[in-house]
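Student: this is the structure alone, sequence omitted:
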């Protein structure tokens, strides 16, 4: 190790003006052993810099290279791992922790000792040494830098024997003394051995002189010993005096201890008295109820505003006294226990008095409100409960107090309020709905009439069958009150009046004013119910101190899925309401109080649907609007839930109305003796669409109407084709043409966006069947001529050239002239006149398509004429054969026939 140290000093540190003080052979802990050396060095120049340098042996040779250097001032901790047992591991904490394993424990200890000494000298003990044996940490003598030069190895290592044996550098003074001695001897350099013998002789002379000097001072030593003996005697005397003084002070000490203990007891007593006073003041301040508050709780007037305010303040004070946070041990005091019992009695008595008073107020409200029912029953309005709510809201703070102090009485008051108010509201709402029903039907007798309106299907069928026969009218199924059994617009009104007398009400013949009146009454009913429910819900929230907008857990109460009957059974059974939050409690209270609203609304809707099934359109629009408004305010409120349930009923009635109309289409029957014309359900669809578009303008539930339109128009299309196939008197193409023309005209006029495809389909069907009817009716007006040219076309198809057809015996020019002579202009005109009369019998007057059809037939006849002339020109060129009438003649014939009829 010494050889390595000298090699490192020579090769690495001397060129950098550094001196190596300690070295240890190490490897990194936990890794493959790659040995290196940690060196502790100092610079030879001031200011002195102390470093720890990592030196590694080169892989390619035997020389060493400097790898990393750390300043010693950056070293924070030296951890030797174990101060007792020998352990070669140690850690150096620089900017991070470096873990090392030394080759031997002795090298590790020497290196740590050197670091400790450098820390003592240069860093003023800034490094922490952990788990290091105390034997390694020896205190250095304090040597100033002025007395020891910076390069002196002995001053750095504190007399390290290894360092002294190996190398000691002379200081400047020693060098100066040696130079003086060498100058005094001529052969000091030339003959070193002689110079060394001379120095040895002089040293022996000095040693002898020292010994003689010591022997001469023996007398002085004896004198000094004598003086020391005298000093010891004086010390013994002083010790005796100190012992006597100590005995005297011991008695004083005991007295002072007694005084100190007495003072401590006095201080402790004063402290306890202060604490006791603080506790008594706390109990008096927090558990003392003023006499005025006690009197208010016992005798306060709960009917006046001043008395209510006094009782409210007293109740709050009592609650504060009862809810005071007692300190440990207070509940064991008899006075505290008695005061708490007194507070409990006051609370129970006042809670009982408050509950009794509020119950009387609820009962009185029922009597007072009943007296105003007669006045409101005349008009379609509901009584105003605002004065009652205003009077009760004065007790809101007392209800909050009751809720927090006696929840059982609070629940009792809640139940009583629901019982009293539910009976009151039930009377008011039933009377209100009775007035609404009377106004809808006109009189009470009319309402009875509507109640017994349905009749047996067989009887009604017999009566309606009397409308058939010679009059030639179309009738539909009698299973519905809304079936039209009329044909033409001219006689529809008179026939519908006879149907009304028999109990079949025609939706198209109901007076528009009646529907408007129903719409107004239904809107007024909803407009009266909505503020009533909202006002009551707001009052319940404020009076019973329930939060309306509290966040709710993800639970669904039974109220959202039950109908009126179920709610009524729950109330009668007295089962507890499942309340998962205060918001649920509000909704449950509203359900109990207004349990009759949903059944009454359903009855009113049933009556409106019975009066006129088209009323379901009005009700769907109005109810959808009110549900949308209520859901915007609070989607889970009673009003929103109830109106939503009723909306389902209205939507069901609306769907039923649509289904009935489709069923009527399927059950329609046509007369075998009269022409069909516009089918009743086509006219009904026109009426329904016109009414629906006026009602659903800017409505929220337009999607429902669009779905209904789609179902109806599909039903109309299918059943028009069905009736056309079954028609015997009127040709199928005429039935299809007229009805799809009517449907196309209706959809074009109303501009229903969801039926654009159906409108195009109706137009296409109308066009196709018009063309089909024209071709079918026109047939072959020049039958023999047509057969002749069919033969000509057959020959051409067989391969005979067109100009050679005239050489065929059956198709020569003479045969052509013979056929043409059979169709003079007069005969053609007569055939067209008969055709016009035939078309006139097929078509109905309502749709006014006669001229359209006649014009199409004219065009088709002209097309055939041009076709024949073309064949003559191609197959009989230069023959001079022509038809005996011209296109102009055809136009004149058609025009004169149309004008004559």
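Tutor: Structure's in. What do you need? In this text the structure is predicted, and so the values were computed from the model without any measurement.

Student: what packs against the host helix or strand of residue 826?
Tutor: Secondary structure from DSSP states H and E places residue 826 in helix 825-842. Contact analysis of helix 825-842 by 3 or more CB pairs under 8 Å, 6 or more residues apart in numbering; DSSP states H and E lists helix 756-778, helix 850-875, helix 887-900 as its packing neighbours. All C-beta atoms are positioned from the backbone trio N, CA, C, and that covers glycine.

Student: in the second one, what's buried?
Tutor: Read that as helix 850-875. 850, 853-854, 856-858, 860-861, 864-865, 868, 871-872, 875 (16 or more other CB atoms under 10 Å).

Student: and of the residues you listed, the nearest to residue 89?
Tutor: residue 856 (114.3 Å; CB to CB).

Student: right, and the closest one touches residue 772 too?
Tutor: No. Residue 856 is not in contact with residue 772 according to CB atoms under 8 Å; the separation is 10.7 Å.

Student: what's the first helix or strand after the helix or strand harbouring residue 212?
Tutor: Using DSSP H and E, the element containing residue 212 is helix 192-216. Where DSSP H and E defines the elements, the next helix or strand beyond helix 192-216 is helix 218-287.

Student: only the buried residues of the helix holding residue 212, if you could.
Tutor: Within helix 192-216, judged by 16+ other CB under 10 Å, the buried ones are 195, 198.

Student: how far does that helix sit from its chain's centre?
Tutor: 107 Å (CA atoms, centre = their mean, to the nearest Å).

Student: quick one: contacts of it?
Tutor: 181, 182, 185, 187, 188, 189 (CB atoms under 8 Å, 6 or more residues apart in numbering).

Student: can you do 10 Å?
Tutor: 181, 182, 184, 185, 186, 187, 188, 189, 191, 221 (CB atoms under 10 Å, 6 or more residues apart in numbering).

Student: what sits against the second one?
Tutor: The neighbours of residue 182, taking CB under 10 Å, 6+ apart as the test, are 188, 189, 195.

Student: buried ones in stretch 297-305?
Tutor: Buried residues in stretch 297-305 (16+ other CB under 10 Å): 297, 300, 302.

Student: wait, I meant stretch 727-735
Tutor: Under 16+ other CB under 10 Å, the buried positions of stretch 727-735 are 727, 729, 730, 731, 732, 733, 734, 735.

Student: other residues contacting it?
Tutor: 472, 670-679, 720-721, 723-726, 736-738, 768-777, 839, 841-844, 847, 849, 853.

Student: mind redoing it with 8 Å?
Tutor: 670-677, 679, 720, 723-725, 769-770, 772-773, 776-777, 842-843.

Student: just the mean pLDDT for it, thanks.
Tutor: Taken as a whole, stretch 727-735 has an average pLDDT of 82.

Student: can you give me the end-to-end span of that stretch?
Tutor: Taking CA to CA, to the nearest Å, stretch 727-735 runs 8 Å from one end to the other.

Student: what do you get for stretch 281-297?
Tutor: First-to-last residue span, stretch 281-297, CA to CA: 25 Å.

Student: quick one: low-confidence ranges for the stretch 801-901 of the chain?
Tutor: Within the stretch 801-901 of the chain, the stretches with pLDDT under 70 are 901.

Student: hmm, which of the contacts of stretch 727-735 are the buried ones?
Tutor: So, by 16+ other CB under 10 Å, the buried ones in these are 670-671, 674-677, 679, 720, 723-724, 769-770, 773, 777, 842-843.

Student: chain neighbours aside, what residue packs nearest to residue 82?
Tutor: Nearest residue to residue 82, sequence neighbours excluded (CB to CB, 6 or more residues apart in numbering): residue 131, at 5.7 Å.

Student: what sits against that neighbour?
Tutor: Going by CB under 8 Å, 6+ apart, the list of residues near residue 131 reads 79, 80, 81, 82, 83.

Student: cutoff 10 Å now
Tutor: Counted by CB under 10 Å, 6+ apart, residue 131 has contacts 78, 79, 80, 81, 82, 83, 84, 87, 90, 91.

Student: from those, which shows the smallest pLDDT?
Tutor: Ranking these by pLDDT, residue 83 lands last with 81.

Student: how much space separates it from residue 98?
Tutor: 20 Å (CB to CB, to the nearest Å).

Student: and what of residue 312?
Tutor: 76 Å.

Student: count of neighbours near residue 123?
Tutor: Number of residues near residue 123 (other CB atoms under 10 Å) recorded here: 14.

Student: ok, it touching residue 78?
Tutor: No. Look at residue 123 against residue 78 with CB atoms under 10 Å: they stay out of range, at 11.9 Å.

Student: between these two, which contacts overlap?
Tutor: Contacts common to residue 123 and residue 78, judged by CB under 10 Å, 6+ apart, are residue 115.

Student: picking that back up, most neighbours among the contacts of helix 192-216, which one is it?
Tutor: In those, the most neighbours by other CB under 10 Å go to residue 188, 18 neighbours.

Student: in a helix, it, correct?
Tutor: No. Applying DSSP: H, G, I helix; E, B strand; the rest coil, one finds residue 188 to be coil, outside a helix.

Student: how about it, what does it touch?
Tutor: 178, 179, 181, 182, 194, 195, 196, 198, 199.

Student: which residues touch the first one?
Tutor: Contact analysis of residue 178 by CB under 10 Å, 6+ apart lists 170, 188.

Student: in what helix or strand does it lie?
Tutor: Assigned by DSSP H and E, residue 178 falls in helix 172-184.

Student: re earlier: I'd like the buried residues of helix 850-875 as a markdown table, with distance to residue 890 appended.
Tutor: Listed next are the buried residues of helix 850-875 as a markdown table, based on distance: CB to CB, whole Å:
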| residue | distance to residue 890 |
| --- | --- |
| 850 | 18 |
| 853 | 16 |
| 854 | 12 |
| 856 | 14 |
| 857 | 11 |
| 858 | 7 |
| 860 | 11 |
| 861 | 6 |
| 864 | 10 |
| 865 | 6 |
| 868 | 12 |
| 871 | 18 |
| 872 | 16 |
| 875 | 22 |
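
Student: what about residue 838, distance to residue 325?
Tutor: For residue 838 relative to residue 325 (CB to CB), the value is 107 Å.

Student: neighbour count for these two, which is higher?
Tutor: Each of residue 838 and residue 325 has its neighbours counted (other CB under 10 Å); residue 838 has more, 10 against 6.

Student: residues in contact with residue 872?
Tutor: 789, 792, 813, 816, 820, 879, 881, 882, 883.

Student: where's the fourth one, which helix or strand?
Tutor: When secondary structure is defined using DSSP H and E, the element that contains residue 816 is helix 813-821.

Student: got the contact list for that helix?
Tutor: By CB under 10 Å, 6+ apart, helix 813-821 touches 782, 784-789, 791-792, 805-809, 868, 871-872, 875-876, 879-885.

Student: among those residues, which ones are in helices?
Tutor: Among those, the members falling in helices (DSSP state H) are 784, 785, 786, 787, 788, 789, 791, 792, 868, 871, 872, 875.

Student: so can I have CSV of those showing distance to residue 8?
Tutor: Converted to CSV, the ones in helices among the contacts of helix 813-821 look like this (distance: CB to CB, whole Å):
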residue, distance to residue 8
784, 138
785, 135
786, 131
787, 134
788, 135
789, 130
791, 132
792, 130
868, 131
871, 128
872, 133
875, 130
